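1. What follows is a predicted protein model with its sequence.
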Amino acid sequence: MSGLLDKANKAADKYQDSVHQGDNIVNDPDAIISAYEKGKQASDEKTVKTQTVKTKEKKTVTTVGLLESNNNASGLNVTALKFQIGAVVGFLITMILVFFVDTVVLFGDITLDDFFVPGLIIWWLVFNGDDLKKQEFEWKKLGITAGCFIVVSGMIAGVAFFSASGSGVTIGDVQYDGDSDSIDLKLYGPKGMDYTIEVLVDGDVEYSENGKINIDKATHEISLDEFWAGNAENMAGQGLVEYEVKVTSDNKEDSMTFNEIMNREVDTAFVKVLEKYDNTGEDKYYQGIYVWMIAGIGNPGASFDFENGVFTGITPQPIASDWDATVRVLGGDKIHTYTFSADEGEGRESPGAPILGEFNFDWVSLHLNGEYLEKDDFYGSDGCYTFEITLNNEYGEQLISTDSKIRFYWDANEAQSDTSDDVQAEAC
C-alpha cells in the first residue's frame, strides 16, 4: 500500500489526476488509489463469471452431442442396433436356406449351399456395419463377433446333419453335357452316405454305379454310349423311349426322368431355295439361288412341298444334336457339294470356321454373308433338280434324303419379255 501511495504522491507532483464522484471531481491521492482497487476487483469478478458461463455452455454442448450420436436419451446406439438386428435375421435365413433347402439349383452348377461362406462373411460385415462405416476398428470386438457367427453356423449345420440322417440321397439335377456327350448328375444327401445310381431305359437297367456323398453332395458323368436307345419323343412330343435315373440309399429311393434332353437323332431334313435374278433392264437374267436347310425330328408329319418359289411343306422339329452332313445339287451340268457339321445344333463348314447358323432353331443358310449358289456352278437346263442330303448322326442312324426336289424354268422365262408369264420354281 505504501508503494502505491508513493507512486500516487509522485504523480500528484507532476500533474493533477481526477476521479469523478457524481458531479464532483476528486484530486485526492487516497481516493484515486481506492478507485483503482475497486475497478481491479470488479474486473476480476467479471472475468470469473465469464469463465463460468463459458464452462457451462461447453458442458451443455457436449451433452447434446452425445444424445445426437446415440439417437437415444438412454445412451443406446440405435444405428448399430439396426445393423445388428438386420444381420442376425439375414444370417439365420441364409443358414436355413443353405442347410435345409440346399438342393435347389439356381443356375448352372450354382446351388443354395454354395452361398454358405459368402453369406457368413456378408452378414458378419453387416453386423459390424456401424463401426466399419465410422472406420472404428475394434479388433477384439470384430474377432469375437466372427467367432460367434462361426459357432452358430456350426450349430445350425449340426442340427441339419442330424435331421437329415434319417433321409436318403436325392437327385438334384440331370443335365446334358454337349462337350462330352454325357449326362451330368447332381446328388445331395448326408455326408458319407453310400448310394447306387441306376439308369433305366423303358424300365430296364442299362447302367449302374456306386458312390458316396462328399460333405453334402456328389456329381456323376455318364456317357450316352452306356444307355442311349433312340429319341425319347417324336415330332408331336409323344413318348417313344422312357429315360429315368434312380438313386438308392439307406433303403430309400429317388428317381427322375430326363426325356427332354434325350432327343439326339435327326430323322428328317429339307432344303429350300430362293431364285436370284436381275431384271433391271429389258430382259430378265437368272444369277443363281440362295440355299437353306432345316434338320430335326420329322416323324410323323413333316413333308416337303414347294410352290411359287417358296417352301409350303411342313418342317421338322429342330433339335440340339451333333452330326455331319453333305448336300449335293443334282440334275445340272455340274454337281455342287456342300459339306458342314453341327455341334449341339451350331452349324459350321469346318471346326473354327464362322458359324453358318443354329440348326436347333430354324432354317440355316448354307452360304455366309448373303452369298448364293451361282447359276454356272450347278445349272444345265430347265428341269428337276434334287438336293440330296446325307446326314450322319453321332447318336442314331444315317439319314439319306432326296425329298427336296425343285423344278426350275429359267431358260423359258428368260426367252420371253413378258415377265407376267414367268413360271416360278416348284416341287417336282
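-> Yep, it's here.

2. Would you state the strands of the stretch 101-250 of the chain in chain order?
-> Using DSSP state E, counting those that start in this stretch, the strands of the stretch 101-250 of the chain run over 105-107, 110-111, 170-177, 182-188, 194-201, 204-212, 217-223, 243-249.

3. Flag every buried residue along the fifth one.
-> Just to be clear, that refers to strand 194-201. By neighbour count with 16 or more other C-beta atoms under 10 Å, strand 194-201 contains the buried residues 195, 197-201. Quick note: C-beta positions are derived from backbone N, CA and C, even for glycine.

4. I85 versus T402, what's the distance?
-> As judged by C-beta to C-beta, to the nearest Å, T402 and I85 stand 74 Å apart.

5. Put the alpha carbons of stretch 289-300 into PDB.
-> Extracted in PDB, the C-alpha atoms of stretch 289-300 (Å, rounded to 0.1, in the frame of the first residue of the first chain):
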ATOM      1  CA  ILE A 289     -30.200 -69.500-105.900                       C
ATOM      2  CA  TYR A 290     -30.000 -68.800-102.200                       C
ATOM      3  CA  VAL A 291     -30.000 -72.200-100.300                       C
ATOM      4  CA  TRP A 292     -31.200 -73.000 -96.800                       C
ATOM      5  CA  MET A 293     -31.500 -76.300 -94.900                       C
ATOM      6  CA  ILE A 294     -33.500 -77.400 -91.900                       C
ATOM      7  CA  ALA A 295     -33.000 -80.600 -89.800                       C
ATOM      8  CA  GLY A 296     -34.700 -82.200 -86.900                       C
ATOM      9  CA  ILE A 297     -37.400 -84.700 -85.900                       C
ATOM     10  CA  GLY A 298     -39.900 -85.100 -88.600                       C
ATOM     11  CA  ASN A 299     -41.800 -88.300 -87.800                       C
ATOM     12  CA  PRO A 300     -44.700 -88.200 -88.000                       C
END
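
6. same question for that stretch, mean pLDDT?
-> Averaged across stretch 289-300, the pLDDT comes to 97.

7. buried stuff in that stretch?
-> 289-298.

8. So which of the residues you listed belong to helices?
-> Using DSSP state H, no member of the buried residues of stretch 289-300 sits in helices.

9. now for those, which pair is the farthest apart?
-> Pairwise distances across the buried residues of stretch 289-300 (C-beta to C-beta) peak at 26.8 Å, for the pair I289 and I297.

10. In three-state terms, label the residue nearest to E282 when sequence neighbours are not counted for me.
-> Of all residues not flanking E282 in the chain, S417 sits nearest, at 6.9 Å (C-beta to C-beta, 6 or more residues apart in numbering). The three-state assignment at S417 reads coil, by DSSP: H, G, I helix; E, B strand; the rest coil.

11. Got the domain ranges for the protein?
-> What the record gives for the chain is the domain set 2-70, 78-164, 170-261, 268-427, from automatic domain parsing.

12. circling back: just the closest of the buried residues of stretch 289-300 to Q238, please.
-> Closest to Q238, out of all of the buried residues of stretch 289-300 and judged by C-beta to C-beta, is I297, at 10.8 Å.

13. For the closest one, give the beta-bridge partners.
-> Going by DSSP bridges, I297 is paired in beta bridges with Q317.

14. Throw the buried residues of stretch 289-300 into JSON lines and include distance to G90, thanks.
-> Output for those, formatted as JSON lines (distance: C-beta to C-beta, whole Å):
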{"residue": "I289", "distance to G90": "63"}
{"residue": "Y290", "distance to G90": "58"}
{"residue": "V291", "distance to G90": "59"}
{"residue": "W292", "distance to G90": "54"}
{"residue": "M293", "distance to G90": "54"}
{"residue": "I294", "distance to G90": "51"}
{"residue": "A295", "distance to G90": "51"}
{"residue": "G296", "distance to G90": "48"}
{"residue": "I297", "distance to G90": "48"}
{"residue": "G298", "distance to G90": "53"}
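
15. And the residues you listed, which is closest to D376?
-> I289 (12.1 Å).

16. beta partners of that closest one?
-> For I289, the beta-bridge partners are E275, L373 (DSSP bridges).

17. quick one, what contacts it?
-> 273-276, 372-373 (C-beta atoms under 8 Å, 6 or more residues apart in numbering).

18. Flag the shaky bits of the stretch 151-300 of the chain, pLDDT-wise.
-> 156-166, 281 (pLDDT under 70).

19. Swap in 80 and give it another go.
-> Scanning the stretch 151-300 of the chain for pLDDT under 80 picks out 152-167, 191, 215-216, 280-283.
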